[in-house]
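>>> let me see the structure of the following:
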Amino acid sequence: MGFDGLVVVSDPYLQRRFTQAELRALQAQYAALRDASPNGRLRMRDLPAAISGVRGAAKSRDAEKENSAPEPGPCHGLTDEEWASVLKAVARADEKPHQDASFELFLRVYAEMQLRLKAVSVCSGRAGGIVRSSSSSAVAFLTAATTTLLHTISESEKASYVGHINAYLADDPSLKSALPIDPATDHIFHITKDGVLLCKLINLAVPGTIDERAINTKRVLNLWEKNENHTLCLNSAKAIGCTVVNIGTQDLAEGRPHLVLGLISQIIKIQLLANVNLKSTPQLVELVEDSKEMEELMSLSPEKILLRWMNFQLKKAGFQKRVTNFSSDIKDSEAYACLLNVLAPECSAKPSAMSVKDLLHRARLILEHADRMGCKRYLTPKDIVDGLPNLNLAFVAHIFQKRNGLSKQMKQVSFVDGLSDDAQVSREERSFRLWINSLGISTYINNVFEDLRNGWVLLEVIDKIAPGSVNWKMANRPPIKLPFRKVENCNQVLKIGKELKFSLVNIAGNDIVQGNKKLILGPYNEIAFILAFLWQLMRYNILQLLKNLRFHSNGKEITDNDILAWANKKVKDSGKHHSYMQSFKDKSLSSGTFFLDLLSAVEPRVVNWSLVTKGEKDEEKQMNASYIISVARKLGCSIFLLPEDILEVNQKMMLTLTASIMYWYLKRPTSQSLDSENGSSCETTSITTSDDSASESSIDDNTTR
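Coordinates of the predicted model:
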């Protein structure tokens with residue numbers, strides 16, 4: 001349901017970049033331009049003149065939900081030189097100026113132009129602007145949200161991140177020839193072009209994310225090997241919680257500064273905030289007084305928890321002001337001075353920071369105090385005075401890591417028992433959380449059990465995987481104060497779930513709002529209701545995507561058994577007649593051998609068999625499991641499972657892993673696929689996705705532009 005009339009494109013970036021209303025409007029514009037061109041041909045070299053007359057298709061997401069028309073706005077203002085730059089940025093190797101321009105090339109050009117004009121609209125008045133036209137109509141259509149960073153970079157942030165890399169990766173043998181990096185130059189953007197440093201940085205942030213045996217680290221890498229590293233990097237970045245919606249492997253290969261720095265910033269932020277949660281630092285329970293505050297704390301992002309911790313320490317010292325951000329509230333350094341005196345009074349010196357009126361001098365004294373505590377600076381006195389939020393966040397996070405000032409004897413309170421200690425539940429919560437955040441929805445979630453209780457995020461997820469199924473006029477947008485409004489959202493979630501034929505027995509919307517984790521659903525017993533529901537959403541997404549790729553199946557629904565049969569056939573056809581999977585809970589899968597055979601079957605060169613163990617002992621199984629996940633991501637699969645899921649043969653995760661490999665194989669530009677039902681071979685080309693969540697779902701391919 002909900003797929004009629006969709007405009008689908010094969011490039012995942014484009015499918016996410018535009019709403020359906022925008023795609024329909026742009027498709028109509030493209031058809032009109034092509035029809036108006038000589039001989040009905042719209043060539044690549046004709047696009048500048050053609051697009052200059054296009055009226056904008058962009059509009060807000062809210063307007064999309066209200067079915068309002070696109071906002072008008074002519075798209076002009078680029079010089080010939082700037083148009084040449086746009087075409088060079090988006091054109092692929094096989095696209096030549098004299099060839100016909102496809103709809104997807106038209107979209108890529110339009111999207112790139114939007115980003116460039118938006119950068120100018122925000123950074124107007126700065127030297128070196130991309131567009132010199134002063135016409136406001138040149139950017140009138142730029143109302144659609146974008147998560148891509150502007151084409152500007154902060155030199156202070158670059159210097160800080162370079163210092164972080166130099167400090168933490170200095171001893172890495174694979175990077176000895178590249179480090180240290182000079183922060184005064186743009187060398188960082190050249191060093192990252194082979195993907196090695198970014199992969200190492202991800203493992204630094206979340207150890208064990210990437211099996212380093214899968215990284216191509218030899219001195220001279222060819223283009224294929226670099227692309228593998230970039231693909232591994234992007235899929236692994238998503239697996240630790242980074243937002244990489246508008247970043248492709250080509251962006252990393254070209255070392256685009258704003259995108260590379262944005263990715264590095266996210267990775268370092270994840271590293272610095274890794275301990276700012278109740279699981280890693282249970283002493284944070286000291287910040288709350290009752291179960292209601294505990295629920296609130298569990299739902300907060302690490303940044304908000306850090307602010308709460310900071311205010312907790314400041315209150316102990318009698319500091320009257322409340323810090324609400326890492327920018328304007330800390331510019332005068334008063335909060336910093338108080339915080340450091342509370343945490344490390346023995347490191348204070350004269351003159352005291354508060355006795356100095358000059359803000360730069362005061363900020364300098366703060367950093368000297370932090371140095372004596374052993375804290376990395378991450379910022380300069382000017383960065384404090386200017387209120388640079390990213391660098392101040394990094395600074396406070398490092399202070400928290402070094403000395404949080406919380407009691408080592410955690411107070412015993414009954415509501416702490418609510419924290420789940422079930423390893424499987426924790427892993428599944430993590431997998432679904434990362435999957436949801438990768439979809440590109442407007443809300444970033446930090447805790448599945450807490451953040452989904454108002455129903456809004458679930459509606460956003462459903463709208464991604466089954467477009468058109470949500471009645472947004474009946475939905476209540478956060479913040480929602482009245483409980484019955486939350487119940488209304490959750491009731492609509494369950495109503496759509498039943499229409500999608502999900503298993504929802506004796507469940508009401510209020511159960512989601514109340515966070516009832518003990519409900520049992522038929523085949524999903526011993527798993528929290530919300531995890532069971534999310535699994536059904538993910539599985540529906542998987543099967544729908546595969547169904548849309550298998551267009552030769554004449555609309556036949558794809559089942560779990562079809563995925564199982566496809567995997568076994570691929571392995572058998574590769575010559576591995578004794579490698580077989582009986583089901584997705586086949587205990588033999590724990591050795592990893594079958595998945596390695598499957599990966600090798602779909603791409604023979606991706607598995608280095610000299611690194612594969614027999615998978616007989618536990619240690620060998622662990623090594624194979626870790627290698628499987630990294631190889632699959634290196635191939636182009638976006639997956640969120642952990643090695644433990646393979647070792648324990650988690651049935652759901654085994655299905656998603658197999659399906660992601662199948663999806664990658666079928667979605668290749670040209671691949672021979674076999675219909676498991678009738679045995680007929682069919683060449684699939686120009687395959688499209690079903691909706692704008694395709695490449696950001698649990699199954700993804702290598703994003704390119």
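>>> pLDDT below threshold where in the stretch 351-500 of the chain?
408-422 (pLDDT under 70).
>>> can you give me the helices in it?
Shown for the stretch 351-500 of the chain, the helices assigned by DSSP state H, counting those that start in this stretch span residues 359-373, 381-386, 389-402, 423-438, 448-451, 456-465, 483-499.
>>> which stretches in this structure count as strands?
Along the chain, counting by DSSP state E, strands occupy 670-674, 681-685.
>>> rank these by pLDDT, which is bottom?
With a mean of 29, strand 681-685 has the lowest mean pLDDT of those.
>>> picking that back up, out of the helices of the stretch 351-500 of the chain, flag the one nearest Leu169.
helix 389-402 (16.4 Å; C-beta to C-beta). Quick note: C-beta positions are derived from backbone N, CA and C, even for glycine.
>>> circling back to that earlier point, for Val276, which of the helices of the stretch 351-500 of the chain is the nearest?
Among the helices of the stretch 351-500 of the chain, if distance is taken as C-beta to C-beta, the winner is helix 389-402, at 6.3 Å.
>>> buried ones in the closest one?
Across helix 389-402, burial judged by 16 or more other C-beta atoms under 10 Å covers 390-401.
>>> same thing with stretch 290-299?
For stretch 290-299, the neighbour count (16+ other C-beta under 10 Å) marks 294-295, 297-298 as buried.
>>> output it as CSV, restricted to C-alpha atoms.
Below are the C-alpha coordinates for stretch 290-299, written out as CSV (Å, rounded to 0.1, in the frame of the first residue of the first chain):
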residue,chain,number,x,y,z
ASP,A,290,13.0,10.0,41.3
SER,A,291,11.8,7.6,38.6
LYS,A,292,10.2,10.4,36.6
GLU,A,293,13.5,12.3,36.4
MET,A,294,15.2,9.0,35.5
GLU,A,295,12.9,8.5,32.5
GLU,A,296,13.7,12.0,31.4
LEU,A,297,17.4,11.4,31.8
MET,A,298,17.2,8.2,29.8
SER,A,299,15.6,10.0,26.9
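>>> sorry, back to before: okay if I get the buried residues of helix 389-402 as TSV plus distance to Met538?
Formatted as TSV, the buried residues of helix 389-402 follow (distance: C-beta to C-beta, whole Å):
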residue	distance to Met538
Asn390	32
Leu391	37
Asn392	37
Leu393	32
Ala394	33
Phe395	38
Val396	35
Ala397	31
His398	36
Ile399	38
Phe400	34
Gln401	34
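>>> and the residues you listed, which two are the farthest apart?
Among the buried residues of helix 389-402, Asn390 and Gln401 lie farthest apart (C-beta to C-beta), at 16.6 Å.
>>> name the residues that touch stretch 600-617?
Here stretch 600-617 makes contact (C-beta atoms under 8 Å, 6 or more residues apart in numbering) with 213, 228, 570-571, 573-574, 576, 590-593, 596, 599, 620-621, 623-624, 627, 631, 634-635, 661, 664-665.
>>> how about a cut-off of 6 Å?
Identification of contacts with stretch 600-617 by C-beta atoms under 6 Å, 6 or more residues apart in numbering yields 213, 570-571, 574, 591-593, 596, 599, 620-621, 623-624, 631, 635, 665.
>>> quick one, which of the helices of the stretch 351-500 of the chain is nearest to Leu543?
Nearest of the helices of the stretch 351-500 of the chain to Leu543, taken as C-beta to C-beta: helix 456-465 at 10.4 Å.
>>> extract the CA atoms of the closest one and return them as CSV.
The C-alpha coordinates for helix 456-465 follow below in CSV (Å, rounded to 0.1, in the frame of the first residue of the first chain):
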residue,chain,number,x,y,z
TRP,A,456,5.6,10.6,16.3
VAL,A,457,8.9,8.9,15.4
LEU,A,458,7.0,5.7,14.6
LEU,A,459,4.8,7.6,12.2
GLU,A,460,7.9,9.2,10.5
VAL,A,461,9.4,5.7,10.1
ILE,A,462,6.2,4.3,8.7
ASP,A,463,6.0,7.2,6.2
LYS,A,464,9.5,6.4,5.0
ILE,A,465,8.9,2.7,4.4
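>>> got the angle for it vs helix 483-499?
With axes from the mean of the first three to the mean of the last three C-alpha atoms, to 10 degrees applied, the angle from helix 456-465 to helix 483-499 works out at 30 degrees.
>>> ok, now which ones touch Leu647?
590, 621, 625.
>>> now, which of these lie within helices?
621, 625 (DSSP state H).
>>> which among the contacts of Leu647 gets closest to Asp251?
Distances from Asp251 to the contacts of Leu647, taken by C-beta to C-beta, are shortest for Ala625, at 30.4 Å.
>>> ok, back up a step: of all the helices of the stretch 351-500 of the chain, which lies closest to Lys158?
Distance to Lys158, taken as C-beta to C-beta, is lowest for helix 389-402 among these, at 10.8 Å.
>>> so what touches the closest one?
Against helix 389-402 from outside (C-beta under 6 Å, 6+ apart): 157, 160, 272-273, 306, 326-327, 330, 374-376, 378-379, 383.
>>> returning to what we had before: take the contacts of Leu647 and lay them out in a markdown table including neighbour count.
Putting the contacts of Leu647 into a markdown table (neighbours: other C-beta atoms under 10 Å) gives the following:
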| residue | neighbour count |
| --- | --- |
| Ser590 | 18 |
| Lys621 | 21 |
| Ala625 | 24 |
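>>> shaky segments in the stretch 601-705 of the chain?
Residues of the stretch 601-705 of the chain meeting the criterion pLDDT under 70: 669-705.
>>> now, which of the contacts of Leu647 sits nearest Gly208?
Ala625 (11.0 Å).
>>> residues in contact with the closest residue to Asp451 other than its chain neighbours?
Once flanking residues are discounted, Asp451 sits nearest to Ile445: 3.9 Å by C-beta to C-beta, 6 or more residues apart in numbering. Counting by C-beta under 6 Å, 6+ apart, Ile445 makes contact with 433, 436, 451, 457.
>>> ok, now with 7 Å
Neighbouring residues of Ile445 by C-beta atoms under 7 Å, 6 or more residues apart in numbering: 433, 436-437, 451, 457.
>>> what of His230?
195, 249, 252-253.
>>> out of those residues, list just those in helices.
Residues of the contacts of His230 located in helices (DSSP H): 249, 252-253.
>>> of these, closest to Asn311?
Using C-beta to C-beta, the ones in helices among the contacts of His230 come closest to Asn311 at Leu252, 38.5 Å.
>>> how close does the residue nearest to that closest one when sequence neighbours are not counted get to Cys637?
In this structure, Leu252 finds its nearest non-sequential neighbour in His230, 4.4 Å apart by C-beta to C-beta, 6+ apart. Relative to Cys637, His230 is positioned 14 Å away (C-beta to C-beta, to the nearest Å).
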